[in-house]
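>>> structure of the sequence below:
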Amino acid sequence: MSDYPILSDPELFMLLKDGDSAAFSEIYQRYVHALLSHAYNKTRDREMAKDVVQETFTNLWARKDAIEINRNLSGFLYTSVRNSILNQIAHLNVKEKYITSMLRCYEDGHVITDHLVREKQFAQLIEKEIAGLTPKMRTVFTLSRKEHLSHREIAEKLHLSEQTVSKHITNALHTLRLKLGALLYLILIIIQK
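Reported below is the predicted structural model:
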């Protein structure tokens, strides 16, 4: 069907629920720029805005079977972006408190005596962020980093192209770097002293 641009939002959403990727593409094209602008106006951070909008569309596709939109599609998307921004801000606040706590210990000249506890907490934080990746990205990342498989081995095992495997790993690393970057930098500074 090439009439996607003239379809209404409810019609596109019904096609999306049936797994129509072209309907999803049309919804994306209709709303991506407005949602990016909205997210940027709320966050004043282009990267966070891009991440929030990408997460919104990823969730729309992944949860298309379970989502029931009782109001208009644009309202649903804007609400999703707002909720995602609030979640990101809450996450950043927790991370900032943790970093502040670690800096306070470091600035006071104290050696971190609970090294193993903090190491375990850091490992849990990393695992939590890995668990937050999309299922395919998480699987590819886990096979690469934990099972030490090559891109070719992962591609064969999951019936994907090596290029797709490489893209999943690159995207996973980018996401983890954004979410854990400052914390990793702080840990490296403390370890080097």
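>>> which positions in the top helix by length along the chain come out as buried?
Across the chain, the helix with the greatest residue count (assigned by DSSP state H) is helix 73-107. For helix 73-107, the buried set under the neighbour-count rule, 16 or more other CB atoms under 10 Å, comprises 73, 76-78, 80-81, 84-85, 88, 95, 98, 102, 105. (Glycine included, C-beta is placed from N, CA and C.)
>>> show me what it packs onto, helices and strands only.
helix 9-17, helix 21-43, helix 46-62, helix 162-192 (3 or more CB pairs under 8 Å, 6 or more residues apart in numbering; DSSP states H and E).
>>> sorry, back to before: dump the buried residues of helix 73-107 into TSV; add pLDDT as well.
TSV is the format used below for the buried residues of helix 73-107 (pLDDT from 0 to 100):
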residue	pLDDT
L73	88
F76	88
L77	92
Y78	91
S80	89
V81	92
S84	88
I85	86
Q88	82
K95	73
Y98	74
M102	68
C105	65
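>>> sorry, back to before: quick check: what element follows the longest helix of the chain along the chain?
Where DSSP states H and E defines the elements, the next helix or strand beyond helix 73-107 is helix 115-131.
>>> helix or strand next in line after that following helix, which one?
Scanning the chain past helix 115-131 towards its C-terminal end, the next helix or strand to appear is helix 135-145 (assignment: DSSP H and E).
>>> ok, residues contacting that following helix?
Under the criterion CB atoms under 8 Å, 6 or more residues apart in numbering, residues 130-131, 133, 149, 151, 153-154, 157-158, 160, 165, 168-169, 171-173, 175 lie in contact with helix 135-145.
>>> on that earlier part again, compare the mean pLDDT across the helices and strands packed on helix 73-107 and name the weakest.
Note on the helices and strands packed on helix 73-107: helix 162-192 shows the lowest mean pLDDT, a mean of 71.
>>> quick revisit: hmm, which of the contacts of helix 135-145 are the buried ones?
When burial is judged by neighbour count using 16+ other CB under 10 Å, the buried members of the contacts of helix 135-145 are 130, 133, 149, 151, 154, 158, 160, 165, 168-169, 171-172, 175.
>>> which pair in those spans the largest distance?
L149 and T175 (20.0 Å; CB to CB).
>>> got the domain ranges for the chain?
The chain breaks down into these domains under automatic domain parsing: 1-89, 111-193.
>>> look up how far A49 lies from E55.
With distances taken as CB to CB, to the nearest Å, E55 is found 11 Å from A49.
>>> correction: the previous question concerned H168.
Counting by CB to CB, the gap from H168 to A49 is 23 Å.
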